[in-house]
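Enquirer: My questions are about this predicted structure, shown below with the sequence.
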Amino acid sequence: MRCALLVACILLTACSSASPAQKRPAPSPSVASPASPAPSPSPQPLQRPEPALPAPVEETAAAAAGGKLYVMGGFNAAGASLSSVYIFDGTSWTSGPRLPVAVDHPSAATLNGFVYIAGGHSNGRDSARFFRLDDDHWTELASMHFARGGHALVAAGEKLYAIGGNTIRADVGTTESFDPRTGAWSAISPMPDPRNHVSGFGTEQAACVAGGRSPTTPRVDCLLTSTATWSHTIGDMPRPASGGGAVSFPNGDVIVMGGEDASETRIIDQLAFLRGDIWISSQKMLSPRHGFQLAVLGDRAWACGGGSAPGLHPVATCTSVGDPAAS
């Protein structure tokens, strides 16, 4: 009995002297790591290739409306005038309603959401005819007073202006304006320096033409729409050119590109932006050409078709240029 009590006491003493079990520390609350920033979108290149036209064409007209680009008329490789219309919807090209007359060297413009096309040469015959695209068909409107091709049709303010160009006999110096409210053309101040193969663009106050030939020049002339008088305040292009393209971006910035040199024996790679009254050139034109018209689709200026060499060398090439000032 005494031995049993002794053993119990020893066990009790050992248990009471044992150190309490240490508690395992609670895990620290997890701290969420900051989310990684989303990758920045890749900057759009200033120039890039675009889907080619369905067929090679040269000396075309171009305009954009309703989120679509229209390339109209021109020459084919055999030198025949064309009535074809190609439409790009941002993804692919389709054929549109054919022009009522086959023409090369016409000019087109967009005003109040409508595409217009005027003039040109029809297999050697000068044209003054004028059309508006209404959904799936062309509506013929009042003809210009003067037949002409290689001119510029420019939208400025609430009117269209037909400037420059030539016939088979001579350059056309007379300028005329079309008012869609009256449906009539009016002859206004003649160009101070008549020439053909000009590149046209519009500003808030003026309809302008750059370059052209007879002889080839870098000159820029602007018709002030408020006074119907001519101004020569914009500086010359960096290089003389004829048959190139020009257009105004929606923010008012202007670009000129391409064309033939003064000897009409070489395609030039000019690409210049208007800053104030001065042209700035930082790159060369991708796929240099002549015989195309620039048009703005989205926020880029599109150059589709044209000639890859002086004379008749039509291509289906299509490229676009962004506005560096808008990026």
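Expert: Structure received.
Enquirer: show me where the stretch 151-300 of the chain has helices.
Expert: Here the stretch 151-300 of the chain has no helices by DSSP state H, counting those that start in this stretch.
Enquirer: quick one, strands of it?
Expert: Using DSSP state E, counting those that start in this stretch, the strands of the stretch 151-300 of the chain run over residues 152-156, 159-163, 175-179, 184-188, 199-202, 206-210, 220-224, 229-231, 245-248, 254-257, 271-275, 278-280, 295-297, 300-304.
Enquirer: could you redo those as TSV and give each row distance to residue 238?
Expert: The C-beta positions use only the backbone N, C-alpha and C, and glycine is treated the same way. Shown next, in TSV, are the strands of the stretch 151-300 of the chain (distance: least, Cβ to Cβ, whole Å):
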stretch	distance to residue 238
strand 152-156	20
strand 159-163	22
strand 175-179	26
strand 184-188	30
strand 199-202	14
strand 206-210	11
strand 220-224	11
strand 229-231	20
strand 245-248	13
strand 254-257	9
strand 271-275	5
strand 278-280	6
strand 295-297	22
strand 300-304	17
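Enquirer: Residue 230 contacts residue 219, correct?
Expert: No. If you go by Cβ atoms under 8 Å, residue 230 and residue 219 don't touch, sitting 11.3 Å apart.
Enquirer: coming back round to it: present the strands of the stretch 151-300 of the chain as JSON lines; the columns should include distance to residue 102, mean pLDDT and mean neighbour count.
Expert: Below are those laid out as JSON lines (distance: least, Cβ to Cβ, whole Å; pLDDT from 0 to 100; neighbours: other Cβ atoms under 10 Å):
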{"stretch": "strand 152-156", "distance to residue 102": "18", "mean pLDDT": "98", "mean neighbour count": "27"}
{"stretch": "strand 159-163", "distance to residue 102": "20", "mean pLDDT": "99", "mean neighbour count": "26"}
{"stretch": "strand 175-179", "distance to residue 102": "22", "mean pLDDT": "98", "mean neighbour count": "21"}
{"stretch": "strand 184-188", "distance to residue 102": "23", "mean pLDDT": "98", "mean neighbour count": "16"}
{"stretch": "strand 199-202", "distance to residue 102": "22", "mean pLDDT": "98", "mean neighbour count": "27"}
{"stretch": "strand 206-210", "distance to residue 102": "25", "mean pLDDT": "98", "mean neighbour count": "26"}
{"stretch": "strand 220-224", "distance to residue 102": "30", "mean pLDDT": "98", "mean neighbour count": "23"}
{"stretch": "strand 229-231", "distance to residue 102": "33", "mean pLDDT": "97", "mean neighbour count": "15"}
{"stretch": "strand 245-248", "distance to residue 102": "22", "mean pLDDT": "99", "mean neighbour count": "27"}
{"stretch": "strand 254-257", "distance to residue 102": "27", "mean pLDDT": "98", "mean neighbour count": "26"}
{"stretch": "strand 271-275", "distance to residue 102": "31", "mean pLDDT": "97", "mean neighbour count": "20"}
{"stretch": "strand 278-280", "distance to residue 102": "35", "mean pLDDT": "97", "mean neighbour count": "15"}
{"stretch": "strand 295-297", "distance to residue 102": "21", "mean pLDDT": "98", "mean neighbour count": "22"}
{"stretch": "strand 300-304", "distance to residue 102": "19", "mean pLDDT": "99", "mean neighbour count": "25"}
